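Asker: Sharing a model that was predicted from the sequence below.
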Amino acid sequence: MLDEVADWLRHRSWTAADRSLPELLAAKRATGHSVSVVLPALDEEATVGGIVSAVRRDLMDAVPLVDELVVVDSGSADGTARVAAEAGARVVHRDAILPALPALPGKGEVLWRSLLATRGDIVCFVDADLREFDPAFVSGIVGPLLTEPGVAFVKAMYDRPLETADAVIPAGGGRVTELVARPLLNLYWPLLAGFVQPLGGEYAARRSLLERLPFPTGYGVELGLLVDALELAGLDALAQVDVGVRHHRHQDSQALGRMAAAIQLTALERLSRGNRLKAADDLATPQLTQFTRTAAGFTPSTVDLPVSERPPIVTLPTVTPPPNITPTAKDV
Ligand SMILES: O=c1ccn([C@@H]2O[C@H](COP(=O)(O)OP(=O)(O)O)[C@@H](O)[C@H]2O)c(=O)[nH]1
Ligand SMILES: O=C(O)[C@@H](COP(=O)(O)O)O[C@H]1O[C@H](CO)[C@@H](O)[C@H](O)[C@H]1O
């Protein structure tokens, strides 16, 4: 792990409990910042209402932390829009935002358009497929943007159990994160190796930054925004907050394969731009930093990656075969 990342983990990695709600409300009054929460939603009628109700109840009606709660309907065929509206969200259909520009399918398209349908100085994205949603997901990641003027982009970090009808595998979730995104970031953007959940769908940022970033229209949006935020704002403007455990719907392997391909395309596009940020020159020893939850929080462990390769045998200089050893009398 780079020294810069180890230092970053010490001063830009928090827990939601580090900032109390009264402290956040005082900071919001002092800064005058407004806060928008955006849920991108495609066929999420089963879960969107619970998330909207919890944000409205705890962060709008009980205290004025959130000023605007918007569900952007990504073209749902179910009752997502009705359920979200009944729960208290303002619902905007993707096609009603910038109608002169025909919408493309994908999550990133919806997040990009949401900037044109909201007004908050701080924009907080929350997936609409979360279960057992805790409003601390929102207050936790919005917190640093209210109290740390130097921070512009905050990712949630959390445990991600893989929960299917048949079993629950602790820490089994985030499959594309662990198998695709984390290795990519460690190899090509090692300054981002400290992010526990680089693909997590819950993150908050200053509008002034988001409006200067390109949005990959599909599932590459999280990786693209993180890499480009690093490029534009620098590592010290990025942060992460531990908000506990994330329970969400899990897609099948075929769907995650398509997601992984989109994410790799997003990375390759940035690598081709020469956007390979490394704190030092090319790493002498490429490494991979992974995280496990311990009593102390998310604990990193770093391994060196094998880079050696042996040449084709045919390229070896002629090797004199070992002399046939004739067994002597004593050997038999
Ligand atoms: O074309 C899309 C794909 C996804 N989503 C939403 O983006 C969030 C994350 O998508 P998904 O749950 O499919 O990703 P996963 O969490 O499985 O990686 C969810 O609220 C989806 O409803 C969307 O609005 N439009
Ligand atoms: O992190 C991941 O590996 C994927 C898949 O998670 P699971 O293996 O289904 O828990 O989920 C995330 O990735 C998407 C692409 O960035 C985000 O849009 C989702 O919000 C996030 O859940």
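Answerer: Noted; the coordinates are in hand. Numbers count the residues shown, from 1 in each chain. Ligands and ions are numbered 1, 2, ... in the order given.

Asker: and the residue positioned nearest the centre of the chain, what is it in contact with?
Answerer: Among the residues of the chain, the one closest to the centroid is Leu199, at 2.6 Å (CA atoms, centre = their mean). For Leu199, the residues meeting the contact criterion (CB atoms under 8 Å, 6 or more residues apart in numbering) are 174, 176-177, 181, 222-223, 263. Placement of C-beta: from N, CA and C, glycine included.

Asker: quick one: which of those residues is nearest ligand 1?
Answerer: Comparing these against ligand 1 with CB to the nearest ligand atom places Val176 closest, at 7.0 Å.

Asker: and the closest one, helix, strand or coil?
Answerer: Reduced to three states with DSSP: H, G, I helix; E, B strand; the rest coil, the structure at Val176 is helix.

Asker: Count the neighbours of it for me.
Answerer: With neighbours defined by other CB atoms under 10 Å, the count for Val176 comes to 23.

Asker: shaky segments in this structure?
Answerer: 274-284, 325, 327-332 (pLDDT under 70).

Asker: Show me which residues of it sit near ligand 1.
Answerer: Of all the residues in the chain, those in contact range of ligand 1 (CB under 6 Å from any ligand atom) are 40-42, 44, 74, 105-107, 110, 127-129, 201, 248-249, 251.

Asker: among those, which are in strands?
Answerer: Cross-referencing those with the strands (criterion: DSSP state E) gives 40-41, 248 as the overlap.

Asker: Most neighbours out of those residues, which is it?
Answerer: Using other CB under 10 Å as the contact criterion, the top neighbour count among those goes to Ala41, which has 30 neighbours.

Asker: circling back: only whichever of the residues of the chain next to ligand 1 are buried, select them in ChimeraX.
Answerer: Isolation of the buried members of those (16 or more other CB atoms under 10 Å) is achieved in ChimeraX through the command below:
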select :40,41,42,44,74,106,107,110,127,128,129,201,248
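
Asker: tell me, which of the residues of the chain next to ligand 1 make contact with ligand 2?
Answerer: Those of those which are also neighbours of ligand 2 are 107, 127, 201, 251, as judged by CB under 6 Å from any ligand atom.

Asker: Is Val307 in contact with Pro286, as I believe?
Answerer: Yes - applying CB atoms under 8 Å as the test, Val307 and Pro286 come out as touching, 6.4 Å apart.

Asker: So for these two, which sits in the more crowded spot?
Answerer: Under the criterion of other CB under 10 Å, the comparison of Val307 against Pro286 puts Pro286 first, with 15 against 9.

Asker: Do I have it right that that one meets Leu187?
Answerer: Yes - here Pro286 reaches Leu187: they are 5.6 Å apart, a contact under CB under 8 Å.
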